[in-house]
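Colleague: Return atomic coordinates for the entry below.
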Amino acid sequence: MQVAGEFSSRNLADLAENAAKRKAELESSGLRSGRFNYWKQAVGRPPFEDPVELVCQVVEFASETQAARFVRSLKAEPGELSTTAVAWLPAEGRAAAELPVPATINAPPTSRVFRLEATSPGPRTTLYVAIAPAGRFVQSVYMGTSPGTATPDETTAVLSRLAARSKPAASAR
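Modeller: Below you'll find the model as predicted:
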């Protein structure tokens with residue numbers, strides 16, 4: 001299954017507990033708009049493995065400086081990380097942590113990697129987030145499964161491939 005689309009700062013802000021405050025934060029950061037591609041793995045025959053879900057996203061900022069500042073200023077907080085992408089996690093039982101960028105992956109030098117978890121209600125969900133500025137854009141990959149078999153290495157590898165394919169577009173002004 002695959003879905004793609006566009007979003008605004010308002011769309012991201014609507015995922016937050018205080019949408020008006022989050023919208024103001026995103027707009028003051030220089031965020032203009034974004035595009036996403038969501039993919040969910042088709043599972044085979046029983047017994048079913050948990051499908052991998054992937055959101056690749058590119059967000060446009062007014063300038064390179066604003067894009068870089070946005071990535072640098074991200075905090076390992078569930079409320080912030082869950083409203084920087086078209087991704088959804090239950091509001092309760094969430095936790096976030098920043099992880100080291102995997103050394104075995106040729107990631108963009110300014111990449112950051114996070115783990116975002118939700119433990120209730122229902123089964124544990126773990127998302128890995130890899131994010132990096134690319135010119136006046138910010139590229140991010142949110143990858144996960146329930147109960148959580150995706151890895152930071154896999155997520156960062158997808159971001160690295162995305163960055164390598166879009167280098168000319170990312171540096172366009």
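Colleague: and stretch 14-33, how far apart are its ends?
Modeller: By Cα to Cα, to the nearest Å, the extent of stretch 14-33 from end to end equals 14 Å.
Colleague: Please work out which residues outside that stretch touch it.
Modeller: 6-10, 12-13, 59-63, 66-67, 69-70, 73, 79, 82-83, 88, 91 (Cβ atoms under 8 Å, 6 or more residues apart in numbering). C-beta: built from backbone N, CA, C; applies to glycine.
Colleague: What subset of these is buried?
Modeller: Of the members of the contacts of stretch 14-33, the ones counted as buried by neighbours, 16 or more other Cβ atoms under 10 Å, are 7, 9, 12, 13, 59, 60, 61, 66, 67, 70, 82, 83.
Colleague: What is the nearest of those residues to residue 116?
Modeller: Of all those, residue 116 sits closest to residue 82, with 6.5 Å by Cβ to Cβ.
Colleague: This structure: strands as residue ranges?
Modeller: 2-8, 31-40, 53-61, 94-99, 112-118, 125-134, 137-145 (DSSP state E).
Colleague: remind me, longest helix of this protein?
Modeller: The residue-count maximum for a helix in the chain (DSSP state H) belongs to helix 152-165.
Colleague: For residue 130, list the residues it contacts.
Modeller: Residue 130 makes contacts with 101, 107, 111-113, 140-141, 143, 152, 155-156, 158-159, as judged by Cβ under 8 Å, 6+ apart.
Colleague: can you rerun that using 10 Å?
Modeller: Shown in contact with residue 130 (Cβ atoms under 10 Å, 6 or more residues apart in numbering): 99, 101-102, 105, 107-108, 111-114, 139-143, 152-160, 162-163.
Colleague: just to revisit the earlier point, could I get the strands of the chain in TSV, plus columns for distance to residue 20 and mean pLDDT?
Modeller: Output for those, formatted as TSV (distance: least, Cβ to Cβ, whole Å; pLDDT from 0 to 100):
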stretch	distance to residue 20	mean pLDDT
strand 2-8	14	85
strand 31-40	15	88
strand 53-61	20	90
strand 94-99	21	91
strand 112-118	23	89
strand 125-134	24	90
strand 137-145	22	89
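Colleague: Which among the ones you listed is found nearest to residue 47?
Modeller: Comparing the strands of the chain against residue 47 with Cβ to Cβ, the closest turns out to be strand 137-145 (14.8 Å).
Colleague: angle of that closest one against strand 31-40?
Modeller: Angle, strand 137-145 to strand 31-40, by axes from the mean of the first three to the mean of the last three Cα atoms, to 10 degrees: 30 degrees.
Colleague: list the helices and strands strand 137-145 packs on?
Modeller: Counting contacts by 3 or more Cβ pairs under 10 Å, 6 or more residues apart in numbering; DSSP states H and E, strand 137-145 packs against strand 31-40, strand 53-61, helix 64-73, strand 112-118, strand 125-134, helix 152-165, helix 167-171.
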